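[1] would you be able to build a 3D model of this:
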Amino acid sequence: MNTPSPNPVADLPHRLDPAGGCPHAANARLLARGAVTPVVLPGEVQGMAVLGHDALKEFLAHPDVAKNAQHFTALQAGEIPDGWPLKTFATVQGMTTADGADHRRLRSLMSKAFTARRIEQLRSRITVLTYRLLDGLEAAAATEDGVVDLRTHFALPLPMGVICELLGVDEAHHDRLHALSNQIVATDIGPAEAMAANREMAGILSAVAAARTADPGDDLTSAMIAAREESGDRFTPQELVGTLMLTIIAGHETTLNLITNAVRALCTHRGQLDLVLSGRASWSDVVEETLRWDSPVSYFPFRYPTRDLTLDGTVIPRGTPVLAGYSAAGRDTKAHGPDATHFDITRTDGPRHLSLGHGAHYCMGAPLARLEATTALEQLFTRFPTLDLAAPDPELPRHASFVGNSVRRLPVRLRG
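    Okay, here's the model as predicted:
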């Protein structure tokens, strides 16, 4: 009897598609092989991804895992070109790429903008902005044959408006900053486009910093500038611009995707929508289940083991760029049960999702994102309870990135 030969395809590293797309089918195949898998990043860069919930939770808080790109072996060896589409995630100077004392210094300053008191003060502003955007959404639908892109007219301007107000960024910059943010998180663009997007965004934010230096306000940018001037070693100009860049990207892209994905989930699971509209579940339940079931971020770059690290039986070599597989971890059946692929806002068993991070780098803006999303969803479906998709969900165009996880457009009919 002949022994079947192993399947060589199953042993090959997973090649991440720069064009993005829906991650869930590939995630399921990879999770069947293990919680940690080798991947090939754009430009033939070798990396790893941590996909299983338990393994990811351990990895995110591991003391021998760093965020600073000085630990990225291939980058330090000069093997990563300037126009590599993921290079910004590694090299931008700010809180998400800092470790130890530097991370604590930057996070301490940022924490002043995200106190419970400050977030609560934003509640009325978010409510008013949401109401105004719903008026605009309805007006747009009236002029577009009843079909309107909810992502463009509602899910985007809400978090962008809030985070820019928090930072003191003029509304005139909002649209351009979103377009540049899209390019920075894209994984399918060329070197010239990637470098140009980074330069332009840094230029806009340097101008914002200069304006706030000349005319300080009650905003986070002014507070960061004041801290830098009070103590010269607290904030460098590069850290200031890098922190602004990361705050704008993370502060609106993830909430934009969260609201978009929640609307898609409720429209395709009308029984779940009925539960919350009838008061048998809460809008907070919707937000938490969306974060687990369809995480706004699929694979987030990067962390680097500072030594060879064995995780769930797999060795991750020192200096390897590692992706945090949030969308995969959310549907890990070993953690969330055999029904992990089901959208269920009444779910009570299983661990808490990891989509907002874990450990020292847990998302500082999580309370703000939750407030924005719950406010947006409650007002949206209270005003338009029969709102429905105007195109089948599988046909909606996906993000051109394996970092962000959502669709680029969300055509809906407000009265289905």
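[2] tell me where the stretch 201-350 of the chain has helices.
    220-230, 237-267, 270-277, 283-293, 326-330, 333-336 (DSSP state H, counting those that start in this stretch).
[3] wait, which of those helices is closest to V92?
    helix 237-267 (4.5 Å; C-beta to C-beta). Every C-beta, even on glycine, is put in place using the N, C-alpha and C of the backbone.
[4] can you tell me how far T88 is from V45?
    T88 is 14 Å from V45, where distance means C-beta to C-beta, to the nearest Å.
[5] higher neighbour count, the two?
    T88 (23 against 19; other C-beta atoms under 10 Å).
[6] how long is stretch 180-197 end to end?
    End-to-end distance for stretch 180-197: 6 Å, by C-alpha to C-alpha, to the nearest Å.
[7] quick one: contacts of that stretch?
    The contact list for stretch 180-197 (C-beta atoms under 8 Å, 6 or more residues apart in numbering) reads 16, 18-20, 42, 81-88, 198, 200-201, 204, 245, 248-249, 252-253, 400-404.
[8] can you point out the buried residues in that stretch?
    Using 16 or more other C-beta atoms under 10 Å as the test for burial, stretch 180-197 gives L180, S181, N182, Q183, I184, V185, A186, T187, I189, A194, M195, A197.
[9] adding pLDDT, write the residues you listed out as JSON lines.
    Shown next, in JSON lines, are those (pLDDT from 0 to 100):
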{"residue": "L180", "pLDDT": "85"}
{"residue": "S181", "pLDDT": "86"}
{"residue": "N182", "pLDDT": "82"}
{"residue": "Q183", "pLDDT": "84"}
{"residue": "I184", "pLDDT": "81"}
{"residue": "V185", "pLDDT": "79"}
{"residue": "A186", "pLDDT": "78"}
{"residue": "T187", "pLDDT": "79"}
{"residue": "I189", "pLDDT": "78"}
{"residue": "A194", "pLDDT": "80"}
{"residue": "M195", "pLDDT": "85"}
{"residue": "A197", "pLDDT": "86"}
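[10] helix or strand with the lowest mean pLDDT in this structure?
    helix 220-230 (a mean of 73; mean pLDDT, DSSP states H and E).
[11] residue ranges for the strands of the stretch 101-250 of the chain, please.
    Under the criterion DSSP state E, counting those that start in this stretch, the stretch 101-250 of the chain carries strands at the ranges 147-149.
[12] so what's G217 closest to, chain neighbours aside?
    Among residues not flanking G217 along the chain, G168 sits closest, at 5.2 Å (C-beta to C-beta, 6 or more residues apart in numbering).
[13] OK, contacts around the one you found?
    Neighbours of G168 in contact, by C-beta under 8 Å, 6+ apart: V208, R212, G217, D219, L220, T221, S222.
[14] nearest residue to T243 other than its sequence neighbours?
    G94 (4.2 Å).
[15] give the contact list for the one you found.
    Residues in contact with G94 (C-beta under 8 Å, 6+ apart) are L106, E239, G242, T243, M245, L246.
[16] and the nearest residue to the last one once chain neighbours are set aside, what pLDDT?
    Meaning L246. Among residues not flanking L246 along the chain, G94 sits closest, at 4.7 Å (C-beta to C-beta, 6+ apart). We have a pLDDT of 82 for G94.
[17] quick check: G94 vs A324, distance?
    To A324, G94 is 17 Å away according to C-beta to C-beta.
[18] cool, and W84?
    W84 is 19 Å from A324, by C-beta to C-beta.
[19] between these two, which one's more packed in?
    Set W84 next to A324 and count neighbours by other C-beta under 10 Å: A324 wins out with 25 against 21.
[20] burial count for the closest residue to the more buried one other than its chain neighbours?
    Distances taken as C-beta to C-beta, 6+ apart put F300 closest to A324, at 4.6 Å, once the chain neighbours are dropped. F300 has 22 neighbouring residues, counting by other C-beta under 10 Å.
[21] got a list of what F300 touches?
    Contacts of F300 by C-beta under 8 Å, 6+ apart are L323, A324, Y326, V403.
[22] buried ones among those?
    L323, A324, Y326, V403.
[23] need the nearest residue in space to the third one, chain neighbours excluded.
    I take that to be Y326. Of all residues beyond its chain neighbours, the one nearest Y326 is S295 (4.3 Å), with distances taken as C-beta to C-beta, 6+ apart.
[24] same question, the last one
    In space, V403 comes closest to V185 once its chain neighbours are excluded; the distance is 5.0 Å by C-beta to C-beta, 6+ apart.
[25] on that earlier part again, between the contacts of G94, which has the most around it?
    Within these, most neighbours by other C-beta under 10 Å means T243, with 25 neighbours.
[26] please report phi then psi for the residue lying closest to P394 once chain neighbours are set aside.
    Nearest in space to P394, with sequence neighbours left out and distances taken as C-beta to C-beta, 6+ apart, is C22 at 8.0 Å. The phi and psi torsions at C22 (degrees, to the nearest 10) take the values phi -70, psi 130.
[27] all set now, cheers.
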